[in-house]
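**Q** Let's see this in three dimensions:
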Amino acid sequence: MRDSPRFADIRLHPIKSLDGVSVPECRIGPGGGLELDRVWALYSPEGKCIDGKSSIAIHLIRARFAPDISSVTLSVSGDHRQLAPQEFAFPGDAASAGEWFTEYFDRRVLVRYAAEGMPDDTERNGPMVISTASLQTVCDWFPGMKLEESRRRFRAPLEIDGVGAFWEDHLFSVHESNPVPFTIGEVRFEGTNPCPRCAVPSRDSLSGVELTGFQKRFSELRRARYPSWACIPDRIEHFYHLGINTLVVPTEHGKVLRVGDVVNISAVM
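**A** Below you'll find the predicted structure:
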């Protein structure tokens, strides 16, 4: 059956490594990512980022945003010290939020704000793309995992439905210097690279408990299910990849993405 890609979800992660929030529309921000995506990040006074890669304790923090993302309420699940939930203006109240995080981690924490966002991959500046079917397939590989949990673990901002698993592997070529152009609504993207994954997806997103053997099993099944039509560039050293990184050129900054927008890849359609 012919794929009919539909733009199904926009998921922002306004505070790096914390909870996401789905929105019906969003502008492309000044850095090429989504506006308000990963614009706060936690740092030590020495300049080291405090994120899911470096701190399992971060999984216990809950961030609940106002519908217009004008505020965030921070709380801790299962906190034996009874650290009180607290609401902060977003993104303006970064300094006060830093005091709350300092109390939680019991060490000095600074909250930095950058309107252009602070993605892990600073070269591929656009939002990551993934298909709903890919996320569901991961659930099938790990019985007991629900779709929402898969979304929380892999943290992709743009989700496409109406297509098969790993459809997004259409969005890169053998050579990264030859990106794959596509559009969502009026916004032009360039698909560049399959995203290698870190230790974070191996952990329960709410507790931080690690699933033993996750990466090995994921890689084996990903290799077995790798689409026959997809290229395998030399830069892929393993199959612990999911989602496609993108580039967004400056002409697209400020344009609006809306859930339901048409997805068009001329090479695929």
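**Q** So which residues make contact with the longest strand along the chain?
**A** If you go by DSSP state E, the chain has its longest strand at strand 187-196. Outside strand 187-196, the residues that touch it by Cβ atoms under 8 Å, 6 or more residues apart in numbering are 28, 121, 124, 126, 128-129, 168-172, 176, 179-183, 235-236, 238, 240-249, 251-252, 255-257. To be clear about C-beta, it is placed using only N, CA and C from the backbone, and glycine gets the same treatment.
**Q** Weed out the non-buried ones from those residues.
**A** Among these, those buried by neighbour count (16 or more other Cβ atoms under 10 Å) are 28, 124, 126, 128-129, 168-172, 176, 179-180, 182, 240-248, 252, 257.
**Q** Can you verify my assumption that residue 6 contacts residue 260?
**A** Yes. Using Cβ atoms under 8 Å, residue 6 is in contact with residue 260, at 7.2 Å.
**Q** Those two: which has the busier surroundings?
**A** The neighbour count for residue 6 versus residue 260, taken as other Cβ atoms under 10 Å, is higher for residue 6 (16 against 10).
**Q** how about the strands in the stretch 1-150 of the chain?
**A** Listed in chain order, the strands of the stretch 1-150 of the chain (DSSP state E, counting those that start in this stretch) span residues 6-12, 21-23, 25-27, 40-43, 49-50, 61-65, 71-76, 86-89, 110-113, 126-131.
**Q** Pull the CA coordinates from the last one and hand them back as PDB.
**A** Coordinates of each C-alpha in strand 126-131 appear next as PDB, following Å, rounded to 0.1, in the frame of the first residue of the first chain:
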ATOM      1  CA  GLY A 126      17.000  21.300  12.400                       C
ATOM      2  CA  PRO A 127      14.500  19.200  14.400                       C
ATOM      3  CA  MET A 128      14.700  15.500  14.300                       C
ATOM      4  CA  VAL A 129      12.000  13.500  12.300                       C
ATOM      5  CA  ILE A 130      10.600  10.100  13.200                       C
ATOM      6  CA  SER A 131       7.600   8.000  12.200                       C
END
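**Q** what's the angle between it and strand 187-196?
**A** Put simply, strand 126-131 runs at 70 degrees to strand 187-196, going by axes from the mean of the first three to the mean of the last three Cα atoms, to 10 degrees.
**Q** Just want the angle from strand 126-131 to strand 6-12.
**A** Using the same axes, to 10 degrees: strand 126-131 against strand 6-12 is 130 degrees.
**Q** Just tell me which of the strands of the stretch 1-150 of the chain ends up closest to residue 141.
**A** With Cβ to Cβ, the closest approach to residue 141 among the strands of the stretch 1-150 of the chain belongs to strand 126-131: 15.1 Å.
**Q** Show me what that closest one packs onto, helices and strands only.
**A** Here strand 126-131 touches strand 158-161, strand 187-196, strand 241-247, going by 3 or more Cβ pairs under 8 Å, 6 or more residues apart in numbering; DSSP states H and E.
**Q** Can you add mean pLDDT and distance to residue 94 and give those back as a markdown table?
**A** Shown next, in a markdown table, are the helices and strands packed on strand 126-131 (pLDDT from 0 to 100; distance: least, Cβ to Cβ, whole Å):
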| stretch | mean pLDDT | distance to residue 94 |
| --- | --- | --- |
| strand 158-161 | 98 | 26 |
| strand 187-196 | 95 | 28 |
| strand 241-247 | 96 | 27 |
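**Q** Let me know which of those strands is the nearest to residue 144.
**A** Checking these against residue 144 by Cβ to Cβ gives strand 241-247 as the closest, at 18.6 Å.
**Q** Pull the CA coordinates from the closest one and hand them back as CSV.
**A** C-alpha atoms of strand 241-247 as CSV (Å, rounded to 0.1, in the frame of the first residue of the first chain):
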residue,chain,number,x,y,z
HIS,A,241,20.1,4.6,15.3
LEU,A,242,16.6,6.0,15.2
GLY,A,243,15.2,9.2,13.8
ILE,A,244,16.8,11.5,11.2
ASN,A,245,18.6,14.7,11.8
THR,A,246,17.9,17.7,9.6
LEU,A,247,19.2,21.0,8.5
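**Q** Which elements pack onto it?
**A** Counting contacts by 3+ Cβ pairs under 8 Å, 6+ apart, strand 241-247 is packed against strand 126-131, helix 132-141, strand 187-196.
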